[in-house]
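Asker: Give me the fold of what follows.
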Amino acid sequence: MEIQTIELSTLWLPILLSTVFVFIASSILHMVIQIHKKDFVAMPGEEAVREAMRGQNISPGMYVFPHCPSFKEMGTPEQVEKMNRGPNGFLTVVPNGPPAMGKELVLWFLYTLLLSIFIGYLTSVSVDVGSSFKGVFRVAGTAAVLGYCVPIISDSIWKAVPWSVSFKFIFDGAVYSLVTATTFAWLWP
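Answerer: Residues are numbered from 1 along each chain as shown. Model (predicted):
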């Protein structure tokens with residue numbers, strides 16, 4: 001039995017509404033409930049560290065310390081000594097000044113829109129016109145979990161983000177996935 005595919009253009013309403021609803025849900029989680037309020041803590045000796053960094057004129061970017069230029073050099077006695085002596089870490093330096101929340105919120109909205117477009121596409125080629133709420137919800141929800149939840153896991157694996165923080169972002173993603181799947185199932189042609 002062949003699936004009667006749906007043109008992606010007919011899904012503009014669930015795509016846009018799921019984007020808006022996820023944006024609202026994320027605002028509630030982050031600004032009202034403040035689920036991530038304790039994800040970051042102050043660094044001991046913060047001002048001394050900032051002053052030392054200021055003297056190095058560090059530009060925005062991602063840094064690792066101690067830095068090792070190649071895997072071959074990672075096993076050298078000097079590099080092993082540096083790693084054993086510590087501290088070791090990853091550092092993301094952002095531009096000076098207050099955060100550009102307007103820009104970041106626009107980028108977040110565009111990201112959720114992009115995910116909704118992909119979720120709409122995957123659902124449109126997997127689910128028939130007139131399918132049940134449950135059938136649409138299952139496919140759209142699975143696609144949404146792949147977009148909102150799964151990528152977070154790599155941050156704990158490769159960037160030393162505490163698992164407790166990643167689990168909170170996975171929870172966020174589960175909420176966004178439920179919102180997205182419900183919107184697509186509700187407005188499915």
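
Asker: element containing the residue positioned nearest the centre of the chain?
Answerer: In the chain, the residue lying closest to the centroid (C-alpha atoms, centre = their mean) is I152, at 5.8 Å. Secondary structure from DSSP states H and E places I152 in helix 150-158.

Asker: quick one: average pLDDT of that helix?
Answerer: Averaging pLDDT along helix 150-158 yields 96.

Asker: what does the one helix or strand in the chain whose mean pLDDT sits lowest rub up against?
Answerer: Lowest mean confidence among the helices and strands of the chain (mean pLDDT, DSSP states H and E): helix 71-74, at a mean of 90. Helix 71-74 is contacted by residues 68, 79 when judged by C-beta atoms under 8 Å, 6 or more residues apart in numbering. Quick note: C-beta positions are derived from backbone N, CA and C, even for glycine.

Asker: tell me the angle the following helix or strand past the helix holding I152 makes with helix 150-158.
Answerer: Where DSSP H and E defines the elements, the next helix or strand beyond helix 150-158 is helix 163-186. Put simply, helix 163-186 runs at 170 degrees to helix 150-158, going by axes from the mean of the first three to the mean of the last three C-alpha atoms, to 10 degrees.

Asker: Buried ones in helix 163-186, by neighbour count?
Answerer: 165-166, 168-170, 172-173, 175-185 (16 or more other C-beta atoms under 10 Å).

Asker: and what of stretch 148-161?
Answerer: Here stretch 148-161 shows 148-149, 152, 156, 161 as buried, counting by 16+ other C-beta under 10 Å.
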